[in-house]
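Chemist: Any chance you could fold what I've pasted below:
(one chain, ligands or ions: 2)
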Amino acid sequence: MENYSGKLENLKSLEYISPGQADFFKALLNIKEKAKKSIAEADFRLNLSRQDLAARLNKSLPILTFPEIPFKNNLLEEIFQDISGLIKQYNLNSRGEIDSLAGYFQDQKLNLAQFIKDVTLGQTANLEAIEKLTGVKKNTLIFVANQLAKPFFESAAESLNFKLKDNQWLKGYCPVCGSAPLMAKLSRDDGKRILECCLCGTNWPFLRVKCPFCGNEDKDYLRFFFVDDQSQYRVDVCDKCKRYIKTVDERKLPKDQEVVLAVDNIATSYLDILAEKENYVDFYSEQVVAEAS
Ligand SMILES: [Zn+2]
Ligand SMILES: [Zn+2]
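Modeler: Ligands and ions are numbered 1, 2, ... in the order given. Have a look, this model is predicted:
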């Protein structure tokens, strides 16, 4: 968390991010770190052998599936309390939604782990049913589910402690949990493109000229844009699937500056706005609930 702090403080100096938004994201990352601490103390162990791990990677399957992640319901409830408190504090418009969702969880005795599973695995029918019953917007449901899932998935990924062999996993989705990338970076040493998972935070190498979302390798349909050519930030877009991914070029950063993509993702919200104006679609956006002013 220490290395986040300075970068998070810097968010406040950005003119397109309000102090409220900066505080919101800081508190959100604090909730995640607190949850990961509790998870570590709660004897968190994956139901997975080294053999299973290797076998899945060799078959080009992500390592983790839901049964392997030991979600703890009491911890999920605590995280939900923290997240709902935060949303209610910073986004007054969402107060009703969050109360309604809390009531729904209570009335239905809905297992939060099941809720995460439905959302993460894209069980849209279940999601739409909850949306209808509670009046909570889909984006809010996805945001809440992701924040609940993240500390568990990150803890799981960190506990795996494995190394990919060269070219073992050149896929556009995460080798650990199968999710899409949040952002990319071009590494300081050799300019290699590294993707970071939006859910478990795993980093993995990927081809420079290829769309991680649809696999398109046709140069004519791949390009990138930036606002300022001195900046470390750029947006890579694919004109086949109309998706985009924000990228940090580490080579343009001073040596002592560290990339923390979770924070860079917030710092570059202006690039999301630009990309969306050009009709490119984001896979995953953390901006949905952060309308704080
Ligand atoms: Zn992942
Ligand atoms: Zn594409």
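Chemist: And the one helix or strand Phe105 maps to, how far out from the chain middle?
Modeler: For Phe105, the element it lies in under DSSP states H and E is helix 95-108. With CA atoms, centre = their mean, to the nearest Å as the basis, helix 95-108 stands 24 Å off its chain's centre.
Chemist: Show me what that helix is packed up against.
Modeler: Counting contacts by 3 or more CB pairs under 8 Å, 6 or more residues apart in numbering; DSSP states H and E, helix 95-108 packs against helix 73-90, helix 124-134, helix 138-160. Every C-beta, even on glycine, is put in place using the N, C-alpha and C of the backbone.
Chemist: weakest of those by average pLDDT?
Modeler: Comparing mean pLDDT across the helices and strands packed on helix 95-108, the lowest value falls on helix 124-134: a mean of 85.
Chemist: For that one, buried residues please.
Modeler: By neighbour count with 16 or more other CB atoms under 10 Å, helix 124-134 contains the buried residues 126-127, 130-131, 134.
Chemist: List of residues touching that helix?
Modeler: 97, 100-101, 103-104, 115, 118-119, 136-138, 141-142 (CB atoms under 8 Å, 6 or more residues apart in numbering).
Chemist: hmm, 7 Å instead?
Modeler: 100-101, 104, 118-119, 136, 138, 141 (CB atoms under 7 Å, 6 or more residues apart in numbering).
Chemist: Tell me how many other residues surround Phe25.
Modeler: Using other CB atoms under 10 Å, Phe25 has 25 neighbouring residues.
Chemist: before we move on, what about Thr247?
Modeler: Thr247 has 24 nearby residues by other CB under 10 Å.
Chemist: which residues does it bridge with?
Modeler: In this entry, Thr247 is beta-bridged to Ala184, Arg234, by DSSP bridges.
Chemist: still on that earlier bit, got JSON lines for the contacts of helix 124-134, with neighbour count and distance to Asp236 too?
Modeler: Putting the contacts of helix 124-134 into JSON lines (neighbours: other CB atoms under 10 Å; distance: CB to CB, whole Å) gives the following:
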{"residue": "Ser100", "neighbour count": "14", "distance to Asp236": "38"}
{"residue": "Leu101", "neighbour count": "24", "distance to Asp236": "35"}
{"residue": "Tyr104", "neighbour count": "16", "distance to Asp236": "39"}
{"residue": "Asp118", "neighbour count": "19", "distance to Asp236": "31"}
{"residue": "Val119", "neighbour count": "22", "distance to Asp236": "26"}
{"residue": "Val136", "neighbour count": "21", "distance to Asp236": "33"}
{"residue": "Lys138", "neighbour count": "14", "distance to Asp236": "26"}
{"residue": "Leu141", "neighbour count": "22", "distance to Asp236": "28"}
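Chemist: Residue numbers of the stretch 51-200 of the chain in contact with ligand 1?
Modeler: When proximity is defined by CB under 5 Å from the ion, the stretch 51-200 of the chain lies next to ligand 1 at 174, 176-177, 179, 197, 199-200.
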